[in-house]
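> Task: produce atomic coordinates for the following.
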Amino acid sequence: MDVSQWVSEDFLDVVWGDRQGWVDIPTKVGQYWVPYHIKWPNEGVATLRLDAANRDEENVYFSCGMFRERGRNYDDLLKPAWLWADLDEVSPEVVPVPTLAWESSTERYQAMWKLTRSVKPEVWERLNQALSYSLGADKGGWDRTQVLRLPGTFNYKYPDHPPVRVMWYKPELMYSPRSIWDMVKGHALPVRAVGSGQLAKRPMPGKARALLRVPSDAVVAGERSDRMWELECLLAEAGWGEDEIYEAVSESAWNKWAGSRLEERQLRREIGKAIRHVGQKVTPMTPPLEGSKLAGPTEEPERFPSEHYDSFLAKNLPDPKWLVEDVWTAGSHGIIGGDPKTSKTGLALALALAVSSGKPFLGKYRVHTPGPVWFVQQENAPWMIQDRLRKLAYFYKLIPHQDVVREKADPGALGGYTIDIGFPENVPLRFSNNEGLNLSDEDHREMFENELKMQRPALVIIDPLYLAFGGADTDRATQMYPFIAWLLEMSNTYSTAIALVHHFGKKPTAPGSAQRRAGQRLLGSTTLHGWVDSALYCEHLDEDRPGWVGARVEPEFRSMAPRKPIEVHLRWGAPGELGMKCEVKRFDLTEMIVEAVTEEPGVTVVRLAERLGWDRRTVLGRARDSEMIEVTGGRGGRGGRGQSYRLFPNGNESD
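Okay, the predicted model is just below:
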């Protein structure tokens, strides 16, 4: 096969083919690595990357393996169908003959061998290591996350910029894993040097014994995680297995999960990490790897990611969409905030059920991007959440009337009836009720991210904010920033909308107090208001009808034009009842001002602003814009600014 005319994309088509997964096309500028992770197949994006890198004379590499998640992480490697080696000065005319061979610079080579089938990463790891060692190749160029130079580019390490060129591609050369192993197994290192297995168990190290003898009352706050990790690694280095380490550590004073419902699962997960961590280190029981070097971008300083203007403009980004029209944009992060008793949780549940089912939010607002929803709530009893959810499901017509069995409740029950539902329609909505989510805990953040990876939700709701932020002071921006920055990263990484339910501070009541916009009333630092991309702000509305709750809900968007507030009136009914009622109408401040002025001609702007709960400048501006209102005064009036402005129905001005 003639490979002399190959470009980089031809090479990648052979290596990555039509398999699907995450790959990396990193570049190196000086001593700094710039990763570039893309979901393959996506040749168009790869071409843009290569054009920009070649134009800027950057050294270009490619990840030999493919990964199930973004990031070229060790544990995410998909089953490889190739072996690879950085041959360095070893000629590629070796046995076994490579399927692909290329010259990375003058008289320096790299190669890949095609397997007849994909193999598990653990099996592949031993096989690829032994192959590199048997050939005398670079002992640091065989690992899971390895990157090699990309043919079709240039090696800017040298002044003459030699091309990285393919020497041959022999598709007929394919090797069974067994045939390769029979040739190279004599060069395999002990299991622990390349994987997550253990050597023969040795006696417990003295330092580990000392840690295990520490009593609980001697543990210093904040030290438990570090000492526990140290203990696990010491025992793993001594060749202890997972069960043996678990037995020792679980009874120690350092066990930070002691008594937790998730104790065993969390502890075994961390022990597994410790075993893998020490398994990748060269230990005294394994001969040093002579001539080894850093394995690529994961081991060297990285430049902060950036891209050129033209590449960014040409990139095919997804079109912005509504999650729920006029309510929340798809993939955006923000807050559902409000006064007490304005049904914040109820509205959050209504939003969650609408997105997961595709039913219009509150029966009015169309869902454009339906999908799975994860609702994390830590403030309300599960029975209350279930009762509200049942009412909403019945309101959305997700519960057929014939599936409802209504019976009298037991004596002492909060409601007069209890409901049994036969076969409710299933929707992709999951709940975590009072599970103690604490995003200040690294393990909780890891579990949270794992849920995002598994569920791929269109929306995540966390209710309320303050209980999930581990006791952080919401008034201090420095304590808020790590949480909201991490949640923003999760939103962007997994293309999920995230809504935090939060409370308003008290409304200013003192005479002359400046009225604040709804978002500025969020309890705590203004950082929270600045962070939101979409938001719903709920302010209390007086209700004369018994059992009804009224709220003025004001949407706010960073990237969309303002939308008018809406009035939401809800009657939830008693526990056990399904017949909730919901009334939704647009909130029109101008109409309210006109009605008030008609009732009280000559009312001052200040008095009307206080009555309506709005900023006086807003009231004055709306009055001036309305053809129904005449504004008088404003100069030389007594009583302060705004006190001299009076409002009259148009055509009925008083003398």
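> Can you classify residue 93 as helix, strand or coil?
The three-state label given to residue 93 by DSSP: H, G, I helix; E, B strand; the rest coil is coil.
> let me fix that: residue 336
strand.
> Surely it and residue 532 touch.
No: using CB atoms under 8 Å, residue 336 is not in contact with residue 532, being 10.0 Å away. All C-beta spots, glycine's among them, are computed from the backbone N, C-alpha and C.
> So which of these two has more stuff around it?
Using other CB atoms under 10 Å as the criterion, residue 336 and residue 532 rank with residue 336 on top: 25 against 22.
> got the contact list for the more buried one?
Counting by CB atoms under 8 Å, 6 or more residues apart in numbering, residue 336 touches 344, 347, 348, 351, 461, 499, 500, 501, 502, 535, 536, 538.
> same thing with residue 137?
Taking CB under 8 Å, 6+ apart, one finds 85, 86, 87, 88, 90, 131 in contact with residue 137.
> neighbours around residue 504, how many?
Residue 504 has 22 nearby residues by other CB under 10 Å.
> And the residue nearest to it when sequence neighbours are not counted, how close does it get to residue 119?
Spatial nearest neighbour of residue 504, chain neighbours left out: residue 521 (4.4 Å); criterion: CB to CB, 6 or more residues apart in numbering. Remark: distance between residue 521 and residue 119 (CB to CB, to the nearest Å) = 59 Å.
> Where does residue 545 fall, secondary structure wise?
Secondary structure assignment for residue 545, by DSSP states H and E: no helix or strand.
> Angles on the backbone of it, please.
phi -90, psi 130 (degrees, to the nearest 10).
> Can you tell me how far residue 353 is from residue 435?
From residue 353 to residue 435 the distance is 20 Å (CB to CB).
> who's more crowded, the two?
residue 353 (23 against 14).
> The more buried one - nearest residue in space that isn't next to it in sequence?
The shortest distance from residue 353 to any residue other than its chain neighbours is 5.2 Å, reached at residue 392 (CB to CB, 6+ apart).
> Buried residues in the helix or strand hosting the one you found, which are they?
Here residue 392, judged by DSSP H and E, is contained in helix 382-395. Within helix 382-395, the residues that qualify as buried are 384, 385, 387, 388, 389, 390, 391, 392, 393, 394, 395, counting by 16 or more other CB atoms under 10 Å.
> Go through those residues and say which is closest to residue 144.
Nearest to residue 144 out of the buried residues of helix 382-395 is residue 385 (CB to CB; 43.4 Å).
> now residue 166, nearest residue through space, not along the chain?
Closest residue to residue 166 in three dimensions, ignoring its sequence neighbours and counting by CB to CB, 6+ apart: residue 3, at 4.2 Å.
> Surely residue 619 and residue 612 touch.
Yes: between residue 619 and residue 612 there is a contact at 6.7 Å, judged by CB under 8 Å.
> shared neighbours of these two, anything?
Taking CB under 8 Å, 6+ apart as the criterion, residue 619 and residue 612 both touch 589, 593.
> Give me the more crowded residue out of these two.
Neighbour count, other CB under 10 Å: between residue 619 and residue 612, residue 619 has more, with 27 against 16.
> isn't there a strand covering that one?
No: membership of residue 619 in a strand is not supported by three-state DSSP, which gives helix.
> Please tell me how far it sits from residue 633.
For residue 619, the distance to residue 633 - CB to CB - is 14 Å.
> Same check on residue 124?
83 Å.
> just residue 210 next, same as before
According to CB to CB, residue 210 stands 83 Å off from residue 633.
> ok, the two, which is more surrounded?
More neighbours surround residue 633 than the other of residue 210 and residue 633, with 15 against 10 (other CB under 10 Å).
> And for the residue lying closest to the more buried one once chain neighbours are set aside, the neighbour number?
Closest residue to residue 633 apart from its sequence neighbours, by CB to CB, 6+ apart: residue 644 at 4.2 Å. By the criterion of other CB under 10 Å, residue 644 has 17 neighbours.
> try residue 68
By other CB under 10 Å, the residues close to residue 68 number 13.
> before we move on, which element is the residue positioned nearest the centre of the chain in?
The chain has residue 490 as the residue nearest its centroid, 1.7 Å off, counting by CA atoms, centre = their mean. Per DSSP H and E: residue 490 is located in helix 477-494.
> name the helices or strands packed onto that helix?
When contacts are defined as 3 or more CB pairs under 8 Å, 6 or more residues apart in numbering; DSSP states H and E, helix 477-494 sits against strand 333-338, helix 442-455, strand 497-503, helix 527-531.
> Outside of it itself, which residues are in contact with it?
Defining contact as CB under 8 Å, 6+ apart, one finds that helix 477-494 is touched by 70, 331-333, 439-440, 445, 448-449, 452-453, 456-457, 469, 472-474, 496-498, 500, 524-528, 531.
> out of those, which are buried?
Taking 16+ other CB under 10 Å as the criterion, what is buried in these is 70, 331-333, 439, 445, 448, 452, 457, 469, 472, 474, 496-498, 500, 524-525, 527-528, 531.
> End to end on stretch 519-527, go ahead and measure it.
11 Å (CA to CA, to the nearest Å).
> still on that earlier bit, which residues does the residue nearest to residue 504 contact?
Contacts of residue 521 by CB under 8 Å, 6+ apart are 337, 504, 505, 507, 537.
> how about it, phi and psi?
Dihedral angles (degrees, to the nearest 10) for residue 521: phi -90, psi 0.
> likewise residue 601?
phi -60, psi 140.
> Excluding sequence neighbours, find me the nearest residue to it.
Using CB to CB, 6+ apart, the closest residue to residue 601 is residue 648 (5.0 Å).
> how much distance is there from stretch 209-218 to the middle of the chain?
In terms of CA atoms, centre = their mean, to the nearest Å, the gap separating the centre of stretch 209-218 from the centre of its chain is 38 Å.
> change the start of the numbering to 630 and stick with it
Renumbered: residue one is now 630, and that last one reads stretch 838-847.
> Please export the C-alpha coordinates of that stretch as CSV.
Listed next in CSV are the C-alpha coordinates belonging to stretch 838-847 (Å, rounded to 0.1, in the frame of the first residue of the first chain):
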residue,chain,number,x,y,z
ARG,A,838,1.6,-0.6,62.8
ALA,A,839,2.2,2.7,64.5
LEU,A,840,-0.8,4.3,62.6
LEU,A,841,-3.0,1.4,63.6
ARG,A,842,-2.2,1.9,67.3
VAL,A,843,-3.4,5.5,67.4
PRO,A,844,-6.5,5.8,69.6
SER,A,845,-9.6,7.6,68.3
ASP,A,846,-9.2,10.4,70.9
ALA,A,847,-5.7,11.2,69.5
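> Local confidence estimate at residue 658?
Looking at residue 658, its pLDDT stands at 75.
> So what sits opposite it in the bridge?
Residue 658 has these beta-bridge partners by DSSP bridges: residue 661.
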